[in-house]
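Engineer: Give me the fold of what follows.
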Amino acid sequence: MYTASSRRIRHLVLCALFAALAAVCSQIAIPMPWGVPINLAVFAACMAGSMLGPVWGTASLAVYVALAAIGVPVLAGFQGGPAAIFGKTGGYAVGYILTALLTALLARVLGRRFLPLCFAMAVGCLACYALGTLWFMFLTHADLLTALGLCVLPYLPADALKIALAALLTTALDKRLPHGLT
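Structural biologist: Numbers count the residues shown, from 1 in each chain. Got it, this is the predicted structure:
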């Protein structure tokens, strides 16, 4: 059985591992001409939220964003630093924190079966889209339709696949880890 101290250490280690997962997944990217790449960071955020819960899943993505903010090249294309975080795609990186939080909270309410997890992850992804698109619009002075055309519509099919994969992996891991990760 876990003591309070060993449970805290376990949570910290899992938080670090999922921050590292987000960093690795960010590098698996397809660049787009307008600067917002297709990458697997949304997948990592969904996994963190679904597997670690609202506190530690959110913390893992906050660590990931904090590392980027201080200059560690963890964002897509090995970018990092204030210019990357406060640049036109920085809102999406910050939005990953919301993705993990909303995924975790909704999964807790709706359950951890495939379709409820897909719904929870989709809501989390939509929050990321909203924050990132508003951020993009503010910095580029693009109108909503242009921003949606550049920053949302091209990414919907890939993000739907990432969400389905994350929900499938979460349900499969739940069967193999009966007591969960946390």
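
Engineer: any idea how far Gly80 is from Lys162?
Structural biologist: Applying C-beta to C-beta, to the nearest Å, the value for Lys162 to Gly80 is 22 Å. To be clear about C-beta, it is placed using only N, CA and C from the backbone, and glycine gets the same treatment.

Engineer: now stretch 131-143: mean pLDDT?
Structural biologist: Looking at stretch 131-143 alone, the average pLDDT works out to 96.

Engineer: let's number from 59 now, not from 1
Structural biologist: Fine by me, first position is 59 from now on; the one you just mentioned is stretch 189-201.

Engineer: Now do that stretch: distance to the chain's middle.
Structural biologist: 19 Å (C-alpha atoms, centre = their mean, to the nearest Å).

Engineer: Which positions within it qualify as buried?
Structural biologist: By neighbour count with 16 or more other C-beta atoms under 10 Å, stretch 189-201 contains the buried residues 189-191, 193-195, 200.

Engineer: From the residues you listed, which land in helices?
Structural biologist: Among the buried residues of stretch 189-201, the ones falling in helices (DSSP state H) are 189-191, 193-195.

Engineer: Please identify which helix or strand holds the closest residue to Phe76 other than its chain neighbours.
Structural biologist: Residue nearest to Phe76 in three dimensions, not counting chain neighbours: Ser118, with 3.7 Å by C-beta to C-beta, 6 or more residues apart in numbering. Assigned by DSSP states H and E, Ser118 falls within helix 99-127.

Engineer: Find out how far the very next helix or strand once past that helix is from the centre of the chain, if you would.
Structural biologist: The helix or strand immediately downstream of helix 99-127 is helix 140-143, counting by DSSP H and E. Its chain's C-alpha centre and that of helix 140-143 lie 18 Å apart, by C-alpha atoms, centre = their mean.
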